[in-house]
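> okay, predicted coordinates and the sequence, questions at the end:
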Amino acid sequence: MPPSEKTQHPKPFKQRKSLATRRHEVAGIRTKFPTKIPVIIERYQREKYLPPLDKTKFLVPQELTMTQFVTIIRNRMTLMPNQAFYLLINNSGIASMSVTMAQLYKDHKDEDGFLYMTYASQEMFGHCVGYKNRSVDGAAAPDDLRGSAHDASEELSVILTESSGRFSWSWRQ
């Protein structure tokens, strides 16, 4: 899929509203909908391939799994089956697909009470240099990437894939 046309990136949600305003908003949401999780989903700022979502705020049932939530987001973006995307929690990690939104919220909610997610295509991972002794959600990088088999200046493209809550690594030079 070709890169999206150049669009103006709106300021991130946290920059558009003060902490006090966001906390007040979450308090109202949690009072009115105690079984829903307030989620903010934003597009990765340098994303070129995925379309923008029509909204940023989502109220998600707490028993929903990440697998179900990802399906909902995929459908909202009307992605083709061969198009991959990732949801990063707090711009830092990928959650297990079997975790419930309630558990994710408990573990990763922001100080304002929202759960923040960023979506991006695989292009955001780019290239890694000297990828050694790294792991994501318990998936260790292959031995070939840890040892001295690869010079630190050698450029590797590392691809992380998830299946049934387990991560696997592949790479190419």
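Looks like it arrived, so ask away.
> buried sites along the helix or strand where Thr21 lies?
According to DSSP states H and E, Thr21 maps onto helix 19-32. Of the residues in helix 19-32, Arg22, Arg23, Glu25, Val26, Ile29 count as buried by neighbour count, 16 or more other C-beta atoms under 10 Å. Using the backbone N, CA and C atoms, a C-beta is placed for each residue, glycine as well.
> ditto for stretch 45-56
Buried residues in stretch 45-56 (16+ other C-beta under 10 Å): Glu47, Tyr49, Leu50.
> which SS class is the first one?
I take that to be Glu47. coil (DSSP: H, G, I helix; E, B strand; the rest coil).
> got the phi/psi numbers for it?
Backbone torsions for Glu47, taken as degrees, to the nearest 10, come to phi -70, psi 130.
> quick check: it vs Pro81, distance?
From Glu47 over to Pro81 the distance is 19 Å, taken as C-beta to C-beta, to the nearest Å.
> does the closest residue in space to Leu53 that isn't next to it in sequence belong to a helix, a strand or coil?
Leaving out its chain neighbours, the residue that sits closest to Leu53 by C-beta to C-beta, 6 or more residues apart in numbering is Arg76, at 5.8 Å. Recorded secondary structure, Arg76: helix (three-state DSSP).
> from memory Arg76 sits against Pro52, does it?
No - proximity of Arg76 to Pro52 does not meet the contact threshold set by C-beta atoms under 8 Å, at 10.4 Å.
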